[in-house]
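Visitor: Could you work out the structure for the sequence below:
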Amino acid sequence: KPKRSGTRPAAGTFIKYITMKLKTLITAMLALCLMTCNASGPQKTKAEKQGWKLSMQSYTLHLFSVVESLDKTQSLGLHYIEIYPGQKMGEGFGDAVFGYDLTEEQQKKLKEIAKSKGIKIVSSGVWTPKRDEWEKIFAFAKNMGMEYVSAEPAREDWDVVEKYAKQYNIGLSTHNHPNEASYWKPEILLSCIGTRSELLGSCADVGHFKRMNLDAIESLHKLKGRINSLHFKDIAPKEGKEDLEDVVWGTGVLNLKGMLQELKQQDFKGYFTIEYEANWENNLPEIKKSIENFNRVADEVLK
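Guide: Model prediction:
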């Protein structure tokens with residue numbers, strides 16, 4: 001019989017060819033898998049696209065430690081927290097409490113724990129410090145990677161506060177506790193910071209405005225351009241009492257939609273810090289419902 005022309009490829013060459021094809025196929029499949037995973041991953045809410053970020057004020061969870069508060073914040077799907085000074089640190093920190101007395105090692109450990117849970121410690125407060133504490137507070141905030149601190153400075157301390165805010169490039173959000181010794185109405189705060197650095201602004205507690213018989217929407221409007229953050233909530237009278245207690249957002253006496261509309265008009269971008277001061281032992285279900293209501297109403301406002 002006549003012999004076939006040409007030569008048969010070596011076995012090693014054939015195996016290399018098949019291996020190369022398999023690698024190409026596997027690479028293509030992995031790329032497709034990654035694209036699918038990204039497409040099906042969590043999508044940003046309209047609020048998040050607007051620059052509105054929900055944060056936890058750890059005083060909401062003051063019956064628990066900082067470490068436990070981070071766990072509970074993670075369980076709600078939140079990625080930001082404001083920790084109040086004096087909260088017990090918890091497991092792995094001995095008797096330490098949160099504040100500028102934490103050692104460098106403890107601060108590093110806390111940041112690592114928060115990062116492992118997908119949470120950033122963006123702020124601390126509410127501080128009511130003496131004058132000689134301000135630099136310690138701002139230095140601590142800087143070392144912890146915070147964006148701002150919440151506080152109620154003494155009226156005579158604003159020069160000191162502004163100095164260190166600028167030096168450390170850390171914002172100061174001024175809280176309004178519901179008493180006449182505080183910055184309970186916008187006019188008081190604006191008279192103190194009106195011509196000062198934009199690092200100095202308001203941590204507008206909308207519930208406390210109402211507790212001082214102020215309209216929350218009107219108060220937010222007066223603070224336009226100087227709102228650095230909010231302590232956000234809804235409140236309602238207790239049964240048979242005049243006291244106003246925190247309730248699920250959208251079910252109380254505050255106008256949730258109206259407040260969000262005002263903040264949209266201001267083009268506010270920043271933190272809506274959840275401070276839920278009720279049902280201390282188990283308020284996560286109510287907070288979860290509040291988050292749902294917030295996103296639902298934000299969807300309506302941010303059309």
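
Visitor: Grab the most central residue of the protein for me.
Guide: residue 55 (2.6 Å; C-alpha atoms, centre = their mean).

Visitor: wait, what's in contact with it?
Guide: For residue 55, the contact set (C-beta atoms under 8 Å, 6 or more residues apart in numbering) comprises 78, 80-82, 122-123, 229, 271-274. Bear in mind the C-beta positions are built from the backbone N, C-alpha and C, glycine included.

Visitor: please redo it, this time with the cut-off set to 7 Å
Guide: 78, 80-82, 122, 271-274 (C-beta atoms under 7 Å, 6 or more residues apart in numbering).

Visitor: which phi and psi does residue 227 have?
Guide: Main-chain torsions, residue 227, degrees, to the nearest 10: phi -90, psi 110.

Visitor: If you drop the residues flanking it in sequence, what lies closest to it?
Guide: Once flanking residues are discounted, residue 227 sits nearest to residue 202: 5.0 Å by C-beta to C-beta, 6 or more residues apart in numbering.

Visitor: picking that back up, partner residues bridging the residue nearest to the centre of the chain?
Guide: residue 273 (DSSP bridges).

Visitor: Just the element for residue 121, please.
Guide: Using DSSP states H and E, residue 121 sits in strand 120-127.

Visitor: Against residue 164, how distant is residue 248?
Guide: 38 Å (C-beta to C-beta, to the nearest Å).

Visitor: do residue 112 as well
Guide: 27 Å.

Visitor: do residue 78 as well
Guide: Separation of residue 78 from residue 164 (C-beta to C-beta) stands at 29 Å.

Visitor: wait, doesn't residue 200 sit right on residue 193?
Guide: Yes - with contact defined as C-beta atoms under 7 Å, residue 200 counts as touching residue 193 (4.5 Å).

Visitor: Without its sequence neighbours, what residue ends up closest to residue 98?
Guide: residue 87 (4.7 Å).

Visitor: How about residue 128?
Guide: Using C-beta to C-beta, 6+ apart, the closest residue to residue 128 is residue 152 (5.2 Å).

Visitor: now do residue 204
Guide: Residue 204's closest residue in space is residue 230 (C-beta to C-beta, 6+ apart), at 4.9 Å.

Visitor: Toward the C-terminus from the helix or strand where the one you found lies, list the very next helix or strand.
Guide: Using DSSP H and E, the element containing residue 230 is strand 227-232. Downstream of strand 227-232, the next assigned helix or strand under DSSP H and E is strand 234-237.

Visitor: All good on my end, thank you.
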